[in-house]
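Asker: Pasted the sequence and its predicted model underneath.
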Amino acid sequence: MKNKSSATVLLVAAGWMSGACVAAVTSVPAPRDAAYRGTISLAVDASDVDHRLFNVQQKIPVQPGRLTLLYPQWLPGNHSPTGTVSGIGGLEISGGGKRIEWTRDSNDVFAFHLNVPARVSEIEVRFQYASPAVQDQGRRVVTPDIVGLQWNSVVLYPAGYSQRRITLAPSLTLPAGWGFGTALDIEHQDGANITFKPTTLEMLVDSPLFAGKYFKRVELSAPGATPVSLNIVADGPQYLEIKPEQLAIHRKLVQEMISLFGSQHYQHYDFLFALSDSFGGIGLEHHRSSENQRAPGYFTEWDKNAPDRDLLAHEMSHSWNGKFRRPAGQAVLNFNTPLDNELLWVYEGLTQYYGHVVAARSGLWTDEIARGALALNAANLDRNRPGREWRALQDTTNQPVVALRRPLSFVSWQRTEEYYQEGELIWLDADTRIRELTNGRKSLDDFARVFYGVRDGEVGPVPYTFDDVVTALNSVVANDWRNFLRSRLDGHGPGAPLDGVTRGGWKLTFTDTPSAFLKSSEEQRKSIDLMYSLGVRMSTKDMGQLAEIAWGSPAFKAGLIQGDTLLAVNGRAVKPDVLKDAVKSAKEAKAPIELIVKNGDRFKTVRIPYYDGLQYPQLERVEGTEDRLGAILKPRT
C-alpha cells in the first residue's frame, strides 16, 4: 500500500479552453529519524464519565511557517489503520492569543495543516474525544465505574519526525477517589490530578491507563525482582476478591514467562485488567503493560471461566515477541506509516502457541483444558476451513487491512486472521520436530531464549526478518527450516498441519461428548457448537440465531445462512437440548431433521439429511509413542 503520509499530492484543475489553471497543493511531511525540538505538554481530563468525554489540551513548541499535525492512524497491536479520528470534536488551535485556522488534508483525513504566524513559538491545541457511548459506536472505554485511556485517541503530533524522538509531558485528571494502573512513571500526584514523567510519543501511546472506582493492585513478582503488578478495575468491589491459590497461579505465570524467555525488557510490567460486563472487551499488548478484559466473575467464578484464562499469558508474551523483538516491517517511524504484516504468523502465531503453553505451565489451565483447546483449533482448521484450498495462511496476514476486523459472512471459506490459530499448529510442529531431532535435549524453548533472550534489560526494539527466524532455528538444531516454514505458510493442504499433534504423541478424534474446554466455552459464550455435525453455531443468548454456518456443511447445503433464526426443530420450539436431541435421533432413525427458519420477514421449512450424530473434537493418546505434548506443557519452574 502506498504511504499517503509520505506522498505529495498535487491536484490541478485546468481550464484549457480559457487558459486558466488553478492548482492546489497539499503535502504531509514524510517521517524521518529526527528529533522534534522542545517538549509537548498534554493534559487530559477524564473526569466526565457521564458524557464519556476526554477533554484535551496540548501546548506544542513551534516555529513560524507551515505545520502538519497528525492523529495516530496505524495502531500497534491492531495491525491495521484503525485510529478513531472520527471521535474528535471541537478542535481549536491558537497561538499568540489568536485563533489559527486549520485545514484537514483531503487525501489523508488524519492530517491537519496550519500556518504558524510570525513570532509564535508555541501553539495551544484543544479538542474533545467523544468515546463510544453505545456498542454500535465502537468499543466502550468509559463506564460510570471504569476509564480506559489509550493515549493515541487524545493526541496530535507534528509530522516529519520519529515517534521515538518526540517528547511529551502528559498529565491526567480522573474522577475523585479512583485508583489507576499504567506503565508510565508518576512525577507528581495531587489527589485526582496526576503528572507523569516526560516520555516519548512511542512510549506514551504504548502505555495506556486503566482507572476505576473499584481498584486493586497486587504484586506478582518476587521481592527484589523486577516489579510486575496486576492492576484490577471492576464493576463492583466484590469482584476484586482473590483467593491465595489464584494469586499463586498468577505469580507462577510471571515466573514461567521469565524462565521461558530468559530476559526482561522493562523496568516494571503492569497488567491492566478490567473485570466488567460494560467495559469493552480487549486483549492488547504493549511493551511494559497489557490491556485485558474478562467477565466480572473471573476470580469469584473461577471454575466457570477456564477457556478465557490464557489471555494474560498471551499478552505478556508480546513484551518479548512483538514489542522488544518485532518484525522489521512493524518498526516504523510514526503512527501514520502503514505496517507490514507479513510476519504476523511469528508475532501472533508464536504468541498464541506460548500463551496456551504457559497458561498450562502456570496452572491457569489444566493439561486437559490445554488439550481441549488444541483439539478444537486443530479440528476447526482441518475440517472447517475449506478456504485453505484457495487462500494460503501467508495471505491471512493481510486480513487486518483487508477486512479491518469486521465480521465475515462465511469465515470458513473466506478465512480470517488465522495466523493466530494455524500459526500455533506450525509452532507446535516446530517444537516437536526440534525435540525429535535432538532426542529431547532441545525444544522450541531454546529458540525462545536465542531469539528473545538477548540484550537483557534493553528496551529495543530489535527488528527481525524471515531470514533471522530461520537462522535462529538452525542455531538450535540444523534442519531445512526455510522449506519447513514456507511449505506450511504457502501451502493448501489437504488438511491442516497436524504433524505437531501426531509427533506430540496424540491424534485428533471425534466423539459424541464435548471436551471440558468446549463445554465451558459454550456456557461462557452462550452458544451451541455443532460445527462438526450440522455445521452450525447457534446463540443461546438470542435463542435460535445462527452465528456461523460452515461452508459446504449439511446446514449450508440446506440453504441456511448466518443471521437465520431457528424457530422449531422437528415440530418443537428451539432449545439447546432439542437441537442436540434431533441430531441424535436422526442418527438412529435415519430421518432428516426438519427446521422452521426465519430470516427477516420470511419463513421457510428445511430438511437436513444428516445421520452421523454429534461430533466433538478430542485429542486421543497414541499408545507406544512419546508424549512430547505432555513434556511441552510441563512447568519449567
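Answerer: That came through fine. Numbers count the residues shown, from 1 in each chain.

Asker: so where's this protein shaky on pLDDT?
Answerer: 1-26 (pLDDT under 70).

Asker: Ser106: neighbouring residues, count only.
Answerer: 11 (other CB atoms under 10 Å). Placement of C-beta: from N, CA and C, glycine included.

Asker: Give me the secondary structure label for it.
Answerer: Of the three states, Ser106 takes coil under DSSP: H, G, I helix; E, B strand; the rest coil.

Asker: so Leu534 makes contact with Val583?
Answerer: Yes. Contact criterion CB atoms under 8 Å: Leu534 and Val583 qualify, at 6.5 Å.

Asker: Break this protein into its domains for me.
Answerer: Following automatic domain parsing, the chain resolves into domains at 32-213, 325-507+625-633, 516-616.

Asker: And the ones you listed: which comes nearest Phe299?
Answerer: domain 325-507+625-633 (12.2 Å; CB to CB).

Asker: start to end distance for that closest one?
Answerer: Domain 325-507+625-633 has an end-to-end distance of 24 Å (CA to CA, to the nearest Å).

Asker: so how far is that domain from its chain's centroid?
Answerer: Relative to the centre of its chain, domain 325-507+625-633 is centred 15 Å away, using CA atoms, centre = their mean, to the nearest Å.

Asker: Please identify the helix or strand for the closest residue to Leu534 other than its chain neighbours.
Answerer: Take Leu534 and drop its neighbours on the chain: the residue closest to it by CB to CB, 6 or more residues apart in numbering is Ala555, 4.9 Å away. Ala555 belongs to helix 554-557 when assigned by DSSP states H and E.

Asker: what helices or strands is that helix leaning on?
Answerer: When contacts are defined as 3 or more CB pairs under 8 Å, 6 or more residues apart in numbering; DSSP states H and E, helix 554-557 sits against strand 546-549, strand 602-608.

Asker: Kindly reformat the ones you listed as CSV and extend each row with mean neighbour count and distance to Gln57.
Answerer: What follows is these, written out as CSV (neighbours: other CB atoms under 10 Å; distance: least, CB to CB, whole Å):
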stretch, mean neighbour count, distance to Gln57
strand 546-549, 22, 44
strand 602-608, 13, 54
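
Asker: got a list of what Thr432 touches?
Answerer: By CB atoms under 8 Å, 6 or more residues apart in numbering, the residues touching Thr432 are 499-500, 503-504, 628-629, 632.

Asker: end to end, how far does stretch 507-520 reach?
Answerer: Start and end residues of stretch 507-520 are separated by 22 Å (CA to CA).

Asker: Would you indicate which residues of that stretch are buried?
Answerer: With burial defined by 16 or more other CB atoms under 10 Å, the residues of stretch 507-520 counted as buried are 507-508, 510, 514-515, 517-520.

Asker: how far out from the middle of the chain is it?
Answerer: The answer for stretch 507-520 is 26 Å, by CA atoms, centre = their mean.

Asker: so what's Trp302 closest to, chain neighbours aside?
Answerer: Gln246 (6.4 Å).

Asker: Specify the local secondary structure of that neighbour.
Answerer: Gln246 ends up helix, using three-state DSSP.

Asker: Quick check: it vs Leu364, distance?
Answerer: Counting by CB to CB, to the nearest Å, the gap from Gln246 to Leu364 is 10 Å.

Asker: Ala211: which of the helices and strands packed on helix 554-557 is closest?
Answerer: strand 546-549 (33.6 Å).

Asker: Just the CA atoms of the closest one, as PDB, please.
Answerer: This file holds the C-alpha atoms of strand 546-549, laid out as PDB (Å, rounded to 0.1, in the frame of the first residue of the first chain):
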ATOM      1  CA  LEU A 546     -27.300 -18.800  13.800                       C
ATOM      2  CA  ALA A 547     -24.000 -17.200  14.500                       C
ATOM      3  CA  GLU A 548     -21.900 -19.200  12.000                       C
ATOM      4  CA  ILE A 549     -22.500 -21.600   9.100                       C
END
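
Asker: Sheet partners, orientation included, of that strand?
Answerer: strand 536-539 (antiparallel) (DSSP bridges).

Asker: Okay, and which of the buried residues of stretch 507-520 map to helices?
Answerer: 517-520 (DSSP state H).

Asker: Just put those in TSV and tack on distance to Pro400.
Answerer: Output for those, formatted as TSV (distance: CB to CB, whole Å):
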residue	distance to Pro400
Phe517	27
Leu518	27
Lys519	31
Ser520	29
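
Asker: and which of those residues is nearest Asp310?
Answerer: Nearest to Asp310 among these, with distances taken as CB to CB, is Phe517, at 10.6 Å.

Asker: The closest one reaches Arg309, doesn't it?
Answerer: No. Judged on CB under 8 Å, Phe517 makes no contact with Arg309 at a distance of 10.9 Å.

Asker: Look at Lys580 and give its secondary structure.
Answerer: helix.

Asker: if I pick the spatially closest residue to it that is not a sequence neighbour, what's in contact with it?
Answerer: Excluding the flanking residues, the one nearest Lys580 by CB to CB, 6+ apart is Leu614, at 6.5 Å. Leu614 makes contact with 512-513, 530, 533, 580, 583-584 under the criterion CB under 8 Å, 6+ apart.

Asker: can you check Lys590 too?
Answerer: Tyr611.

Asker: picking up where we left off before, would you mind telling me which of Leu534 and Val583 has more residues around it?
Answerer: Neighbour totals were compared for Leu534 and Val583, and Leu534 leads with 29 against 21 (other CB under 10 Å).

Asker: does that one sit in a helix or strand, and which one?
Answerer: Leu534 belongs to no helix or strand, assigned by DSSP H and E.

Asker: Which one of the domains of the chain lies nearest to His318?
Answerer: Closest among these, using CB to CB: domain 325-507+625-633, at 5.7 Å.

Asker: And the contacts of stretch 561-581?
Answerer: Residues contacting stretch 561-581 (CB under 8 Å, 6+ apart): 409-410, 528, 530, 538, 540, 542-549, 582, 585, 593-599, 603, 614.

Asker: Check stretch 450-464 too.
Answerer: With contact meaning CB under 8 Å, 6+ apart, stretch 450-464 is reached by 261-266, 287, 320-321, 323-328, 330-331, 343, 346, 468-469, 472, 475-476.

Asker: Now Ala328. Nearest residue, chain neighbours left out?
Answerer: Residue nearest to Ala328 in three dimensions, not counting chain neighbours: Pro463, with 4.0 Å by CB to CB, 6+ apart.

Asker: Tell me the bridge partners for that neighbour.
Answerer: Arg326.

Asker: Could you report the neighbour count for it?
Answerer: Neighbours of Pro463 using other CB under 10 Å come to 14.

Asker: Against Ser229, how distant is it?
Answerer: In terms of CB to CB, Pro463 sits 29 Å off from Ser229.

Asker: where along the stretch 251-400 of the chain do the helices fall?
Answerer: 311-317, 344-347, 349-362, 367-383, 393-396, 399-402 (DSSP state H, counting those that start in this stretch).

Asker: Touching, Gly160 and Ala35? I think so.
Answerer: No. Between Gly160 and Ala35 there is no contact under CB under 8 Å: 11.1 Å.

Asker: shared neighbours of the two, anything?
Answerer: Joint contacts of Gly160 and Ala35 (CB under 8 Å, 6+ apart) do not exist.

Asker: Which one's more surrounded, the two?
Answerer: More neighbours surround Gly160 than the other of Gly160 and Ala35, with 18 against 12 (other CB under 10 Å).

Asker: Name the SS class of the more buried one, please.
Answerer: coil.

Asker: For Gln246 and Leu364, indicate the residue with more neighbours.
Answerer: A direct count of neighbours by other CB under 10 Å for Gln246 and Leu364 places Leu364 higher, at 25 against 16.

Asker: Following the chain onward from the strand or helix carrying Val44, which element is next?
Answerer: Using DSSP H and E, Val44 sits within strand 39-45. Next in sequence after strand 39-45, counting helices and strands by DSSP H and E, comes strand 53-61.

Asker: and Glu522, how many neighbours?
Answerer: Neighbours around Glu522, by other CB under 10 Å: 17.

Asker: Contacts only, for the closest residue to Leu408 other than its chain neighbours.
Answerer: In space, and not counting its chain neighbours, Leu408 is closest to Gln414: 4.9 Å by CB to CB, 6+ apart. Counting by CB under 8 Å, 6+ apart, Gln414 touches 387, 391, 408.
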